[in-house]
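Visitor: Need coordinates for the following:
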Amino acid sequence: MSEDAMAKDNGNGAAGLDRMLVLEVARVTEAAALAAARFCGRGNEKAADKAAVDAMRYELSRVSLRGTVVIGEGEMDEAPMLYIGEEVGNGTGPEVDIAVDPLEGTTICAKRMPNALAVLAISERGGLLHAPDMYMNKIAIGPGYPEGVVDLDAPVADNLAALAKVKGVPVSAITACLLDRPRHAEIIRAVREAGAGVQLIPDGDIAGVIWTTDPDETGIDIYLGSGGAPEGVLAAAALRCIGGQIQGRLMPSNDDETARARKMGITDIKKKFTLEDMASADVIFAATGVTSGSLLEGVKFRGGMAETETLIMRSKTGTVRRIKSRFRDVGKHLLADTRD
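Guide: As a prediction, the model looks like this:
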């Protein structure tokens, strides 16, 4: 039986996602990136984010799936669309969970800084952690290492030493990536005191985690520190496709956030989530560059055309593709039909 036939055996997608969804998912992130790119450098974060959300939702409405947003723009009373629990797709095809970040790095897009992305992950129903919008403490490394070589609860110096040992390099050859935030001052100090290097990023911790999967190219060996919990799930979806390890723990700042987490099914607030906890089933992950960076080229408008670069991956097959696309520049809204 072919892979596609197996995927269609069960109406809820239990045998795996149809591989034809790969190209559809890429088109969704392309549309969001094209829309957001219109606002690069304009200093208007809300307008850039809204453009990306509108475009992503429009494209999702055309895809043959019955999707539920489990990681989105917030809860129904906080977001007009792509909110947690919203049903998307054209009402046919497999039942899936969807995690979205239409514009990962709204600030860096508004300032035309590197590494803004449009990101989407689709999994079999129940395959993604329903994470509330709050901070999550994270640690992540790429593939090829023994399971458990680093641990969220271990001291920073111990994790760096363990990683350096299995890589066969001195700690001084290790570089850690962190968001440039005052809350990370102690971790930064610990990394440097251990003899390792630090690369700080202004935003975009999904890209920061993915960088750990190719340290020879990116120079990043490990990701440390706290960022958004939804971004942690999206990063885990990417690592499920290309390999690596990630652990995370929610960091509710008040009783309301704790209650929200419990409402979403997380009863153990102190639970240390692993990759399998955050992304447990077949996953398709896509990211399209909005601004150019270490992971992807950003959108380019020239000669009446628009160009994009997309990273698209699937966990079941381990397939990783980079797709460069060219579109007729269809105007400011970029919601016209640009399909082949």
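
Visitor: What ranges does the stretch 151-300 of the chain have for its helices?
Guide: Along the stretch 151-300 of the chain, counting by DSSP state H, counting those that start in this stretch, helices occupy 156-167, 185-193, 205-211, 215-218, 229-242, 255-263, 275-278.

Visitor: Out of those helices, which is closest to Arg326?
Guide: For the helices of the stretch 151-300 of the chain, the distance to Arg326 is smallest for helix 205-211, at 23.4 Å, taking Cβ to Cβ. All C-beta atoms are positioned from the backbone trio N, CA, C, and that covers glycine.

Visitor: And the helices of the stretch 151-300 of the chain: which comes nearest Pro94?
Guide: Nearest of the helices of the stretch 151-300 of the chain (Cβ to Cβ): helix 229-242, 16.6 Å.

Visitor: can you pull the buried residues of that closest one?
Guide: 229-242 (16 or more other Cβ atoms under 10 Å).

Visitor: Looking at that helix now, give me its mean pLDDT.
Guide: If you average the pLDDT over helix 229-242, you get 97.

Visitor: what's the closest of the helices of the stretch 151-300 of the chain to Asn115?
Guide: Nearest of the helices of the stretch 151-300 of the chain (Cβ to Cβ): helix 205-211, 4.9 Å.

Visitor: okay, now the nearest residue to Gly265 once chain neighbours are set aside: neighbour count?
Guide: Using Cβ to Cβ, 6 or more residues apart in numbering and skipping the chain neighbours, the partner closest in space to Gly265 is His130 (5.9 Å). Other residues lying near His130 total 19 when counted by other Cβ atoms under 10 Å.

Visitor: Now do the contacts for His130.
Guide: Val70, Ile71, Ile84, Met264, Gly265, Ile266 (Cβ atoms under 8 Å, 6 or more residues apart in numbering).

Visitor: give me that answer again for 6 Å
Guide: With Cβ atoms under 6 Å, 6 or more residues apart in numbering as the criterion, the residues that contact His130 are Val70, Met264, Gly265.

Visitor: Go through the residues you listed and name the one nearest Leu311.
Guide: Nearest member of the contacts of His130 to Leu311, counting by Cβ to Cβ, is Val70, at 21.3 Å.
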